[in-house]
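>>> what's the 3D shape of this:
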Amino acid sequence: MEVVYPVARNVLWPPLRFGLRWTIEGARFVPSRGPVILVSNHHSYLDPFTLAYVADTRHRRVRFLAKAELFEKRPLGALLRGAHQIPVLRNSPSAAGSLQAAVDAVRAGECVAIFPEGTISLDLDPMAGKSGTARLAQATGVPVTPVGLWGTHRILFKGRDPEWRWGVPQTAVVGPPLRIRPDEPVDVATDRIMAEICRCLARARELYPERPGAGEDDWWYRPPETARLRSCRRRPPEVAS
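Numbers count the residues shown, from 1 in each chain. Next up is the predicted model:
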């Protein structure tokens, strides 16, 4: 990360900083040093870069937990490995190793970022969260810092052609750190984490300075109130009377 990260930063940050119209609220909740667990909604392929940019405003370098499949793509895989990002082998016995790598990074005082949904939300509203974030917080004792991102899906979204335009608004809202109790049920903690992400996303949508214009395709717009929690907890089976 000592070599690749600064190079990537110098290449990617100028178009992010000067090409997008930023509104960032609550950046102070990201500490400028010490262990951090950042979590965010996931609605665009650009989310890792925009979340890293938000962290960079607090002089933090980010280590992401990313799908292992991404490490197999060229040249992306080489860049991810060079920047010491953490591959996640989902639905595999090796998944525990990914969690341990994240635990080690947090305990070493690094800023680790996770998208708890695990993939891009195709309807743009947060999906139910996966349990890894809560497990990481319980294993390290470090609170979770929620972030709501909104805007870059207009540039790069799954299933749509890329559409780069200078000046597209990007809004990020960082919420107060959320502490997870060691004895808290993982599904309950996961829902609390996602509820805070939803709150940050709703606020980001409120702050977003644009609405679809007359005759414009409004596929990208969602009102704040649709950023609602989708619980990861299974409902108990109904008992026949």
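
>>> wait, doesn't A172 sit right on L149?
Yes: counting by Cβ atoms under 8 Å, A172 does reach L149; the two are 5.5 Å apart. C-beta: built from backbone N, CA, C; applies to glycine.

>>> any common contacting residues for these two?
When contacts are counted by Cβ atoms under 8 Å, 6 or more residues apart in numbering, A172 and L149 have 50-51, 204 as shared neighbours.

>>> the longest helix anywhere in the chain packs against which elements?
The residue-count maximum for a helix in the chain (DSSP state H) belongs to helix 186-207. In terms of contacts (3 or more Cβ pairs under 8 Å, 6 or more residues apart in numbering; DSSP states H and E), helix 186-207 is packed against strand 20-25, strand 36-40, helix 132-140, strand 144-150, strand 168-174.

>>> tell me which of those sits nearest to A102.
Each of the helices and strands packed on helix 186-207 was scored for nearness to A102 using Cβ to Cβ, and the closest is helix 132-140 (5.3 Å).

>>> do you know how far the residue nearest to I180 when sequence neighbours are not counted is from P176?
Spatial nearest neighbour of I180, excluding adjacent residues (Cβ to Cβ, 6 or more residues apart in numbering): A137 at 4.0 Å. Noted for A137: a distance of 14 Å to P176, by Cβ to Cβ, to the nearest Å.

>>> separation between P224 and E184?
Applying Cβ to Cβ, one obtains 28 Å for the distance of P224 from E184.

>>> out of these two, which sits in the busier spot?
More neighbours surround P224 than the other of P224 and E184, with 18 against 15 (other Cβ atoms under 10 Å).

>>> picking that back up, neighbour-wise, give me the winner out of the shared contacts of A172 and L149.
When neighbours are counted as other Cβ under 10 Å, the busiest of the shared contacts of A172 and L149 turns out to be A204, with 25 neighbours.
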